[in-house]
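**Q** sequence-free structure coming up:
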Ligand code: FA5
């Protein structure tokens, strides 16, 4: 006799499964469990046996599928029995969830830490804040005016070489944008929008296709400082940098200027700092070039100022005694957890 459609057989199986679930999560003792066993697993007229009889009435081509469904439900019902038995043996009440003993002592949570570079950035910003510098931000995707032209870096300058920058081609844009290669861009953005006097500091990511080594990384951070006030001199620049370095590194830090060249400062210097008997190059600096002041609409006969740009990874490495700046980016917890941020701003 083959007159039971597969759908009807499946529906019957589902009913059986649901009923067994209801009964077996509610049974509270061995007597009730035994009764349920007879009802569902009874060899002659148990529910499972009844449904199994229907299997013989399913069309031949549906039999494999029906058989698989039957076996799955049978196994599930047997598991419900095993669970119920276990619960009764353990003396738990029906439907009880695993007990929680709230009087047990808690397990200490493993606390994360602020990344050493973020610690450094926050500390630099705080120290510069004490010196009267306001923190400002600028975009990481820049146009060529702010990254180069306004900083007196003309089109033919080697610093604009595609091999030295990450250019981004933008559909229909007149010229490609780029990932900024220095935070000096923020000097221009601020001067375009505000009138002197200015004391700003900007800390953020910059990008250069440099090969990674102990002192270089293709993405790194700079801290840019800019002060524009009448009567500013190199002496002011040096004293601000020395105050910063003493606060940051602690103790007596010597600051040394070496003659250098940047298109947007005149004169330009490399800034080295000596601490614990070692000199290290921290960045570039100089008096803002009159051409830059003119580019943003300031009168170079009236105002002057200084600017500096330091490498955050380098100063962090110096402070924490890290020999290779790549370690900051390896995300090795054993390295990172050495930098306690307790007491940091
Ligand atoms: C500049 O980027 C200038 N904008 C600095 C400046 C600002 C000069 C204002 C004058 C006035 P320079 O390319 O030298 O300069 O980079 C400054 C510092 O960034 C370096 O001294 C170094 O500390 C850090 N630096 C440069 N390249 C990398 C790199 N690939 N990885 C990590 N740090 C770097």
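**A** Received the coordinates, thanks. Note that the coordinates shown come from a computational prediction; the quantities given were computed from them, not determined experimentally. Numbering: from 1, shown residues only.

**Q** count of residues packed around the residue of the stretch 51-200 of the chain found nearest the ligand?
**A** Closest to the ligand within the stretch 51-200 of the chain is residue 182: 3.7 Å, counting by C-beta to the nearest ligand atom. C-beta: built from backbone N, CA, C; applies to glycine. For residue 182, the count of nearby residues is 22 (other C-beta atoms under 10 Å).

**Q** so which strand or helix has it?
**A** In this structure, residue 182 is located outside every helix and strand according to DSSP states H and E.

**Q** What's opposite the nearest residue to it once chain neighbours are set aside in the beta bridge?
**A** Sequence neighbours aside, residue 206 is the residue nearest to residue 182 in space, at 5.6 Å (criterion: C-beta to C-beta, 6 or more residues apart in numbering). Under DSSP bridges, the beta-bridge partners of residue 206 are residue 220.

**Q** Please name the residues that touch residue 206.
**A** Contact partners of residue 206, counting by C-beta atoms under 8 Å, 6 or more residues apart in numbering, are 140, 179-183, 219-222.

**Q** try residue 24
**A** Contacts of residue 24 by C-beta under 8 Å, 6+ apart are 33, 36, 80-81, 83-84.

**Q** Name the residues of the stretch 151-300 of the chain found near the ligand, please.
**A** 182, 184, 208, 210, 216-217, 220, 222, 262, 265, 268, 281-286 (C-beta under 6 Å from any ligand atom).

**Q** any weak-confidence spans in this structure?
**A** In the predicted model of the chain, residues 1-2, 93-98, 171-173, 341-345 satisfy pLDDT under 70.

**Q** OK, now which residue of the protein is nearest to the ligand?
**A** Among all residues of the chain, residue 311 sits closest to the ligand, at 2.3 Å; criterion: C-beta to the nearest ligand atom.

**Q** can I see the domain layout of this protein?
**A** In terms of domains, the chain is parsed into 6-89, 116-336 (source: automatic domain parsing).

**Q** now for the helix or strand harbouring residue 241, which elements pack on it?
**A** Element membership for residue 241, per DSSP H and E: helix 234-249. On a contact count with 3 or more C-beta pairs under 8 Å, 6 or more residues apart in numbering; DSSP states H and E, helix 234-249 meets helix 116-130, strand 219-229, strand 254-262, strand 265-275, strand 278-288, strand 304-311, helix 312-320.

**Q** circling back: show me what contacts the residue of the stretch 51-200 of the chain closest to the ligand?
**A** Residue 182 makes contact with 147, 206, 222, 224, 309, according to C-beta under 8 Å, 6+ apart.

**Q** Ok, residue 175 next?
**A** By C-beta under 8 Å, 6+ apart, the neighbours of residue 175 are 143-144.

**Q** The closest residue to residue 327 other than its chain neighbours in helix, strand or coil?
**A** Spatial nearest neighbour of residue 327, excluding adjacent residues (C-beta to C-beta, 6+ apart): residue 335 at 5.4 Å. Classification of residue 335 by DSSP: H, G, I helix; E, B strand; the rest coil places it in helix.

**Q** Return the distance of residue 335 relative to residue 329.
**A** In this view, residue 335 and residue 329 are 10 Å apart by C-beta to C-beta, to the nearest Å.

**Q** Spatially central residue in this structure, please.
**A** residue 115 (10.3 Å; C-alpha atoms, centre = their mean).

**Q** residue contacts, that residue?
**A** Counting by C-beta under 8 Å, 6+ apart, residue 115 has contacts 328, 336, 339.

**Q** ditto for residue 303
**A** Neighbour list for residue 303: 196-197, 228-230, 293 [criterion: C-beta under 8 Å, 6+ apart].
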